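Novice: Sequence first, then the predicted structure, then my questions.
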Amino acid sequence: MNEMTLTALKALERRGFTVHTFESADEMEDFLVSAVPEDKSVGFGGSMTLCRDLGVYERLKAKNENVWYHGVPSDLPREEIFRRAHNADIYMLSANAVSADGAILNIDGNGNRVAAMIFGPSVVYIAVSESKFCSDRESALQRAKSVACVENAKRLGKKTPCAIAGKCADCRSADRICSHTVWTDWVPKGREYHICVCPDKLGF
């Protein structure tokens, strides 16, 4: 891993995060699956890293029916899936960016992902590829807006300026997916935040 990433990982540890590093995406996937006891429920945020590029959701769902992710077909209403994920024992998501001073940035549309991360399950796993680490908070915010938000708007078929032009316009579109911008600077007392990092490019 490069020097900037190593600096960020040390900063994250000083802020109370438990850091896990892996040599490959496959190794990180195996760790995340093995980290969940079979009797624990799991909620997922809208993560392409975990639910598209890695097979974490599929592998956990195969052995545990109490795994909740709104990105797959379900007989339950979408809002109910959000709530069950929020009330699970463990929550898994990714991040839009991580700054070198050890802060995690997420921009969310509905708020379900950041709400669960902030005050949901007491154990949170955040899977991040090295490509999401940025030199400072300004560049982290720029990355989130110009890369993650744009690609997600395209993926979801949103009719936003960014999905058309490929860059943020700070729009007022009804389809806008950037409703909540949240920096996580510190691990609150009584909670576990695990940061899992690998060099392979994953997600947006």
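Specialist: Cool, got the structure. Residues are numbered from 1 along each chain as shown.
Novice: C-alpha only now, for contacts and for neighbours.
Specialist: Will do.
Novice: what kind of secondary structure is residue 131 in?
Specialist: Three-state assignment for residue 131 (DSSP: H, G, I helix; E, B strand; the rest coil): helix.
Novice: looking at it, it is touching residue 199, isn't it?
Specialist: Yes - using CA atoms under 8 Å, residue 131 is in contact with residue 199, at 7.4 Å.
Novice: count of residues packed around residue 79?
Specialist: The local packing of residue 79 (other CA atoms under 10 Å) involves 11 other residues.
Novice: Name the helix or strand for it, please.
Specialist: Using DSSP states H and E, residue 79 falls within helix 78-86.
Novice: Just checking: what are the partner strands of the following helix or strand past that helix?
Specialist: As assigned by DSSP H and E, the chain's next helix or strand after helix 78-86 is strand 90-93. Sheet pairing here is set by DSSP bridges, and for strand 90-93 it gives strand 42-44 (parallel), strand 123-129 (parallel).
Novice: list the contacts for the residue nearest the centre of the chain?
Specialist: What sits nearest the mean C-alpha location of the chain, by CA atoms, centre = their mean, is residue 94, with 1.8 Å. Counting by CA atoms under 8 Å, 6 or more residues apart in numbering, residue 94 makes contact with 45, 47, 49, 50, 126, 127, 128.
Novice: Show me what the top helix by length along the chain is packed against.
Specialist: Counting by DSSP state H, the longest helix found in the chain is helix 3-14. Here helix 3-14 is seen to pack against strand 18-21, strand 133-134 when contacts are counted using 3 or more CA pairs under 8 Å, 6 or more residues apart in numbering; DSSP states H and E.
Novice: for the ones you listed, which one sits closest to residue 158?
Specialist: Taking CA to CA, strand 133-134 is the member of those nearest to residue 158, at 26.4 Å.
Novice: what distance separates that closest one from the middle of the whole chain?
Specialist: 14 Å (CA atoms, centre = their mean, to the nearest Å).
Novice: quick one: strands adjacent to that strand?
Specialist: strand 97-99 (parallel).
Novice: what about this structure, any weak spots by pLDDT?
Specialist: Within the chain, no stretch has pLDDT under 70.
Novice: any idea how far the residue nearest to the centre of the chain lies from residue 174?
Specialist: 25 Å (CA to CA, to the nearest Å).
Novice: try residue 110
Specialist: For residue 110 relative to residue 174 (CA to CA), the value is 13 Å.
Novice: More neighbours: the two, which one.
Specialist: Using other CA under 10 Å as the criterion, residue 110 and residue 174 rank with residue 110 on top: 13 against 9.
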